[in-house]
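In: 3D model of this:
(one chain, ligands or ions: 1)
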Amino acid sequence: MEQVQRGFVELYGTEPEGVWSAPGRVNLIGEHTDYNDGFVMPFALPHTAVAAVSRRADGVLRLHSADVEGGVVELRLDDLAPESDRNWTAYPAGVVWALREAGHPVTGADVHLASTVPSGAGLSSSAALEVVIALALNDLYELGLPRWQLARLCQRAENVYVGAPTGIMDQTASACCEEGHALFLDTRDLSQKQIPFDLAAEGMRLLVVDTRVKHAHSDGEYGKRRAGCERGAALLGVDALRDVPYDGLDDALARLGDDEEAVRLVRHVVTEDERVEKTVALLESGETRAIGPVLVAGHASLRDDFRISCPELDLVVDTALASGALGARMTGGGFGGSAIVLAEAADVDTITKAVEEAFAAGGYTAPRVFEAVPAAGARRLS
Ligand code: GLA
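Out: Numbering: from 1, shown residues only. Now for the predicted structure:
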């Protein structure tokens with residue numbers, strides 16, 4: 001934090017009005033359900049984007065990142081326009097654009113930021129950037145917006161300004177997660193329940209394995225899946241796939257007949273929503289180890305039905321399970337990025353070594369493995 005504050009002073013010559021942070025996330029379960037009005041269950045990582053920010057009154061936005069080569073980027077608020085920017089600056093600028101477009105009186109800002117959220121790893125580094133700016137401007141301009149609404153505005157920045165058709169999970173996770181808890185979120189109405197998730201107390205750990213790959217076309221494939229789900233909902237005559245009841249799934253699939261693509265997408269989304277509810281029920285009744293097979297079933301569904309896994313993610317899951325993990329699955333958008341592994345504390349070293357060796361044997365880049373403990377959501381640091 002001190003470093004970001006100092007960086008601000010060096011760049012802009014004055015102390016910032018404040019410093020804020022917003023975390024990346026991993027998703028425990030509930031993948032590709034958020035744009036189907038379904039359930040998700042992310043928790044915040046200790047990795048954060050930190051921003052030092054001051055207001056300006058002259059319609060200028062100045063942005064600087066310690067993580068990117070190059071100097072301060074200066075933008076005029078009146079010039080901000082959707083899909084006009086293909087750089088990292090589109091995320092913070094998009095938030096300013098979305099706030100102003102919603103009628104909030106933001107008149108400019110000086111920003112210096114730095115992030116420890118690995119980028120391109122499926123851990124929501126972009127949502128962290130968006131949310132930290134939204135929270136800072138909400139505080140400085142005294143907008144009084146609740147966190148769920150900041151998340152919505154950040155999603156709008158990402159969908160319209162950046163041009164990526166993502167759901168609401170990542171921004172809500174960054175804005176609303178609480179330390180020691182996973183966030184059970186209903187993406188239809190954004191109602192939330194904080195579920196205590198303290199694996200260490202029960203002798204377990206959750207590992208994140210960043211495969212360090214991002215396969216080409218992943219962005220286009222995301223949009224295709226989303227469009228395919230919307231098509232499935234239309235064929236079934238429902239607003240969103242969330243509306244297909246679990247016990248009505250067989251009926252729904254029968255109605256889709258030999259439309260194999262729709263069958264696969266619908267089956268994933270409906271069974272995944274059910275897996276989220278099952279995970280919540282198991283955690284609430286203290287049967288934490290029993291979520292392992294639910295995670296594994298989630299991975300199989302993403303791999304075989306939704307078809308967004310990749311050899312590296314499958315290798316993590318298969319190797320971890322063969323080395324004694326309780327459960328494992330890919331997390332996030334897919335086609336690379338990260339997997340999660342649920343394991344007994346005593347098995348962590350064996351599993352980590354096995355995954356590293358499997359990657360070396362397969363000729364893949366060494367993965368980055370770290371333990372994830374649910375951290376705090378976005379907050380003001382000073
Ligand atoms: C990305 C998107 C989210 C969500 C996940 C898949 O992280 O940003 O909105 O759709 O993929 O669950």
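In: how close does the residue of the stretch 251-382 of the chain found nearest the ligand sit to G24?
Out: For the stretch 251-382 of the chain, the residue closest to the ligand is G333, as judged by C-beta to the nearest ligand atom, at 3.4 Å. All C-beta spots, glycine's among them, are computed from the backbone N, C-alpha and C. G333 sits at a distance of 13 Å from G24 (criterion: C-beta to C-beta, to the nearest Å).
In: show me the contacts for the nearest residue to D78 once chain neighbours are set aside.
Out: Nearest-residue entry for D78: G59, 6.2 Å, with adjacent residues in sequence omitted and distances by C-beta to C-beta, 6 or more residues apart in numbering. G59 makes contact with R76, L77, D78, T107, G108, according to C-beta atoms under 8 Å, 6 or more residues apart in numbering.
In: Which of those fall within strands?
Out: Secondary structure assignment by DSSP state E places R76, G108 of those in strands.
In: possible to save the contacts of G59 as CSV with pLDDT, neighbour count and distance to T288?
Out: Supplementary listing: the contacts of G59 in CSV, determined by pLDDT from 0 to 100; neighbours: other C-beta atoms under 10 Å; distance: C-beta to C-beta, whole Å:
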residue, pLDDT, neighbour count, distance to T288
R76, 98, 11, 52
L77, 98, 18, 48
D78, 98, 9, 53
T107, 98, 14, 49
G108, 98, 17, 48
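In: Nearest to the ligand among the contacts of G59?
Out: When the contacts of G59 are compared for distance to the ligand (C-beta to the nearest ligand atom), L77 comes out closest, at 26.0 Å.
In: circling back to that earlier point, let me know the pLDDT of the residue of the stretch 251-382 of the chain closest to the ligand.
Out: You'll see G333 listed with a pLDDT of 95.
In: And for R62, nearest residue in space, chain neighbours not counted?
Out: Computed as C-beta to C-beta, 6+ apart, the closest residue to R62 that is not its neighbour in sequence is D110, at 4.8 Å.
In: Over to P165?
Out: Once its chain neighbours are removed from consideration, P165 has its nearest residue in G223; the separation is 5.2 Å (C-beta to C-beta, 6+ apart).
In: May I see the buried residues of the helix or strand that neighbour falls within?
Out: Per DSSP states H and E: G223 is located in helix 218-236. Residues of helix 218-236 classed as buried by neighbour count (16 or more other C-beta atoms under 10 Å): S218, E221, Y222, R225, R226, G228, C229, G232, A233, L236.
In: likewise stretch 316-324?
Out: Within stretch 316-324, the residues that qualify as buried are V316, V317, T319, A320, L321, S323, counting by 16+ other C-beta under 10 Å.
In: Cool, thanks, signing off.
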